[in-house]
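[1] Output the structure for:
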Amino acid sequence: MTTSTIAAAIGLALAWPQAPRAAGVVTVCNEAGLKAALVGAGTVTFACSGTIAILGGTIVVSQHTEIDGTGHKITISGGGKVRVFVVSSSGALYLTNITVADGAVTGNGGGLLNQGGSVKVTNSSFQGNLAYGGSGGGIYNDIGGLEVINSSFSLNNAVGGSGGGIYMNAGVLLMEGCEFDTNAADSGGGIFNKALIMQVENSTFFQNFGNGGNVYNAGVAFVLNATLASGNANEAEGGNLNNQGLLLLQNTILANAGTGNNCSGSVTDFGGNLRWPASDPTCVGSYGNPKLGTLQNNGGPTSTMALLAGSAGIDTGVDAFCPTTDQRGVLRPQGPHCDIGAYEANTAQSLGIGVDIQLNAFLPSLLSLNAMRSLSDRVIAPLEKSLNPNLWPEGDGNHVNPRNGSEVFTDQRDVVNTLSQILIDPTQLAYIDNLVLASRTIAVVALQDKGCSLNPGASVNSQACAQAVADVAAGDSSAADGNFSDAITHFLKAWQLINP
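    All right, here's what the predicted structure looks like:
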């Protein structure tokens with residue numbers, strides 16, 4: 001079974017309904033305002049920010065409904081007393097830029113219970129949800145399609161059950177660009193799968209708890225370019241992975257189980273896998289220290305674990321299997337070969353070089369000759385100017401010249417502004433994401449060089465550090481909202497503050 005075969009099967013199974021009509025706008029972020037906007041289904045947007053506690057009762061979705069918090073900070077909370085969502089067999093629920101928190105139920109699905117409809121979660125998070133005496137602390141998918149993209153699951157718990165983050169009873173799960181940390185259950189702290197098809201790609205699982213601490217599979221699963229680390233199991237039942245079904249593994253890191261061995265059960269090795277430590281005989285793949293960094297914001301929509309210098313995962317993946325980007329959206333490969341796991345090691349300069357290579361290959365097929373010449377002056381020329389070695393004197397790809405390094409930011413910002421007018425396909429938007437991340441990387445490395453803590457309000461920070469950290473946070477927020485030019489401007493300000 002190949003990647004394309006599995007993807008095709010998933011595409012057929014996840015037959016999403018047509019887009020819903022426009023519905024309501026929530027102007028006051030409270031339960032009454034949200035539930036009024038949801039009447040009649042459709043697309044619900046927000047003109048406010050805040051936490052909406054739905055203590056009056058679970059939201060039941062029986063039609064095609066989209067809840068989109070883009071541009072605002074929206075948390076929908078069960079207040080530790082009620083389940084947040086139920087999706088019936090006739091329903092379809094899209095959650096975009098929404099946090100689902102503190103749902104609680106005696107039974108299955110603390111945050112969300114899917115009873116046979118379609119659920120799509122994008123750029124969202126499930127935090128602190130609880131299924132007591134049941135399964136699926138965050139999400140319980142009884143049957144139906146579940147797609148989870150660029151989202152995070154943390155501190156969800158299935159007490160006395162399985163699947164702290166997600167429980168797949170049946171149906172199809174497609175997951176990409178996600179992060180699972182500190183979820184807990186008796187089995188499958190991160191995910192418990194017994195469904196027909198589960199595909200996990202470019203995702204990170206860290207320090208989840210249960211037999212099969214990070215992932216427990218009792219169905220059919222395909223895991224590609226994932227990082228599973230520091231999972232904790234009862235006894236020796238697979239700290240990172242417990243497989244009792246069919247599981248195919250490609251370009252994936254399994255490392256440093258906290259308790260229990262890395263793996264339990266038989267896993268099918270499709271190549272490019274890395275396991276550590278060498279004293280652990282379980283799992284499949286080559287032995288090598290991945291030298292994983294701390295789980296943190298390394299750019300992109302969800303937290304990742306960087307491959308540090310000397311990692312055995314760098315440039316050792318099987319190129320034929322690699323997705324086009326990593327979990328953050330960084331183009332693969334950044335070196336001669338793609339990396340193993342969810343993270344592709346990069347420098348700020350390599351990000352720009354990767355975009356330059358891709359654009360030179362892509363734009364001629366998109367545009368006429370005259371348009372190509374015009375666009376080359378507005379895109380290729382300033383991008384290649386920003387990559388001039390004279391602007392990168394230290395040669396490590398992360399430090400720009402203190403005297404004129406601002407040109408890297410401004411030239412790449414001009415490129416982003418032009419690309420924003422012509423690129424609409426999500427795959428192509430990766431070019432913009434990579435240039436935004438390049439600016440962020442330069443700023444963050446400069447902050448670290450000055451001893452600044454990236455934690456806002458840290459006591460060790462000088463006034464300049466504190467303001468620079470605030471600008472990085474503002475840049476992250478702008479990037480998340482799609483304001484890419486503003487994001488680069490904030491990163492430039494952060495760099496200038498500590499390079500006066």
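[2] Show the end-to-end separation of stretch 215-231, please.
    Terminal residues of stretch 215-231 lie 9 Å apart, using C-alpha to C-alpha, to the nearest Å.
[3] again, but for stretch 106-120
    24 Å.
[4] how about that stretch: buried residues?
    Applying a neighbour-count criterion of 16 or more other C-beta atoms under 10 Å, one finds 108-120 buried in stretch 106-120. Every residue, glycine included, has its C-beta placed from N, CA and C.
[5] swap in stretch 218-238?
    By neighbour count with 16+ other C-beta under 10 Å, stretch 218-238 contains the buried residues 218-234, 237-238.
[6] got it, and stretch 376-383?
    376, 378, 379, 380, 382, 383.
[7] Then stretch 130-143?
    Going by neighbour count (16+ other C-beta under 10 Å), the buried part of stretch 130-143 is 130, 131, 134, 135, 136, 137, 138, 139, 140, 141, 142, 143.
[8] For residue 178, see how far away the fifth one is.
    This points to residue 136. Shown here: residue 136 relative to residue 178, a distance of 16 Å by C-beta to C-beta, to the nearest Å.
[9] what's the answer for the first one, then?
    As defined by C-beta to C-beta, residue 130 lies at a distance of 20 Å from residue 178.
[10] same thing with the third one?
    Here the criterion is C-beta to C-beta. By it, residue 134 lies 22 Å from residue 178.
[11] for the second one, same thing?
    In this view, residue 131 and residue 178 are 19 Å apart by C-beta to C-beta.
[12] With respect to residue 152, which of the buried residues of stretch 376-383 is nearest?
    Among the buried residues of stretch 376-383, residue 383 lies closest to residue 152 (C-beta to C-beta), at 31.7 Å.
[13] For the closest residue to the closest one other than its chain neighbours, give me phi and psi.
    Closest residue in space to residue 383, ignoring its immediate chain neighbours: residue 415 at 4.9 Å, by C-beta to C-beta, 6 or more residues apart in numbering. In terms of degrees, to the nearest 10, the main-chain angles of residue 415 are phi -60, psi -50.
[14] If you tally nearby residues, what's the number for residue 415?
    27 (other C-beta atoms under 10 Å).
[15] quick one, helices of the stretch 301-450 of the chain?
    Using DSSP state H, counting those that start in this stretch, the helices found in the stretch 301-450 of the chain span residues 348-366, 369-375, 381-386, 406-422, 426-449.
[16] thinking again about what came up before, taking the buried residues of stretch 218-238 one by one, which sit in strands?
    220, 221, 222, 223, 224, 227, 228, 229 (DSSP state E).
[17] my read: the last one touches residue 208, true?
    Right, the one you point to is residue 229. No: using C-beta atoms under 8 Å, residue 229 makes no contact with residue 208, being 10.0 Å away.
[18] Find residues that contact each of these two.
    Shared contacts of residue 229 and residue 208, defined by C-beta atoms under 8 Å, 6 or more residues apart in numbering, comprise residue 214.
[19] Where does residue 200 sit, in terms of helix or strand?
    Taking DSSP states H and E as the criterion, residue 200 maps to strand 197-201.
[20] Check which helices and strands that strand is in contact with.
    Here strand 197-201 touches helix 3-13, strand 172-176, strand 220-224, going by 3 or more C-beta pairs under 8 Å, 6 or more residues apart in numbering; DSSP states H and E.
[21] Convert it to CSV, retaining C-alpha atoms only.
    C-alpha atoms of strand 197-201 as CSV (Å, rounded to 0.1, in the frame of the first residue of the first chain):
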residue,chain,number,x,y,z
ILE,A,197,-7.9,4.1,8.1
MET,A,198,-5.8,6.5,10.1
GLN,A,199,-3.2,8.6,8.3
VAL,A,200,-0.9,10.8,10.4
GLU,A,201,1.6,13.0,8.7
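[22] Just the pLDDT for residue 375.
    pLDDT, residue 375: 76.
[23] Against residue 33, how distant is it?
    Applying C-beta to C-beta, the value for residue 375 to residue 33 is 45 Å.
[24] now do residue 386
    Taking C-beta to C-beta, one finds residue 386 at 46 Å from residue 33.
[25] try residue 56
    To residue 33, residue 56 is 12 Å away according to C-beta to C-beta.
[26] ok, those two, which is more surrounded?
    Between residue 56 and residue 33, counting by other C-beta under 10 Å, residue 33 is the more crowded of the two (18 against 10).
[27] Now that one. Its backbone dihedrals?
    Main-chain torsions, residue 33, degrees, to the nearest 10: phi -60, psi -40.
[28] give the contact list for it.
    Contacts of residue 33 by C-beta under 8 Å, 6+ apart are 26, 27, 48, 52.
[29] try 6 Å this time
    By C-beta atoms under 6 Å, 6 or more residues apart in numbering, the residues touching residue 33 are residue 26.
[30] pLDDT value on it, please?
    If you check residue 33, the pLDDT there is 97.
[31] how close does it get to residue 40?
    As judged by C-beta to C-beta, residue 33 and residue 40 stand 15 Å apart.
[32] average pLDDT for stretch 407-424?
    Averaging pLDDT along stretch 407-424 yields 91.
[33] Flag every buried residue along it.
    Neighbour counts over stretch 407-424 (16+ other C-beta under 10 Å) mark 407, 408, 409, 411, 412, 413, 414, 415, 416, 418, 419, 423 as buried.
[34] who touches that stretch?
    Applying C-beta under 6 Å, 6+ apart, the external contacts of stretch 407-424 come out as 378-379, 382-383, 385-386, 391, 400, 429, 431-432, 435, 439, 484-485, 488, 492.
[35] could you flag which of these are buried?
    By 16+ other C-beta under 10 Å, the contacts of stretch 407-424 give 378-379, 382-383, 386, 391, 400, 429, 431-432, 435, 439, 484, 488, 492 as buried.
[36] Return the member of those nearest to residue 292.
    Minimum distance to residue 292 across those is 24.9 Å, recorded for residue 439 (C-beta to C-beta).
[37] Excluding covalently adjacent residues, which one is nearest to the closest one?
    Closest residue in space to residue 439, ignoring its immediate chain neighbours: residue 491 at 4.1 Å, by C-beta to C-beta, 6+ apart.
[38] re the thing from before, using a markdown table, please lay out the ones in strands among the buried residues of stretch 218-238 together with pLDDT.
    Output for those, formatted as a markdown table (pLDDT from 0 to 100):
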| residue | pLDDT |
| --- | --- |
| 220 | 98 |
| 221 | 98 |
| 222 | 98 |
| 223 | 98 |
| 224 | 98 |
| 227 | 99 |
| 228 | 99 |
| 229 | 99 |
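[39] Tell me which two in these are the farthest apart.
    Farthest pair in these (C-beta to C-beta) is 220 and 229. Separation: 23.8 Å.
[40] quick revisit: look at the residue nearest to residue 439 and give its secondary structure.
    Secondary structure, DSSP: H, G, I helix; E, B strand; the rest coil: residue 491 is helix.
[41] State the distance from it to residue 470.
    Relative to residue 470, residue 491 is positioned 12 Å away (C-beta to C-beta).
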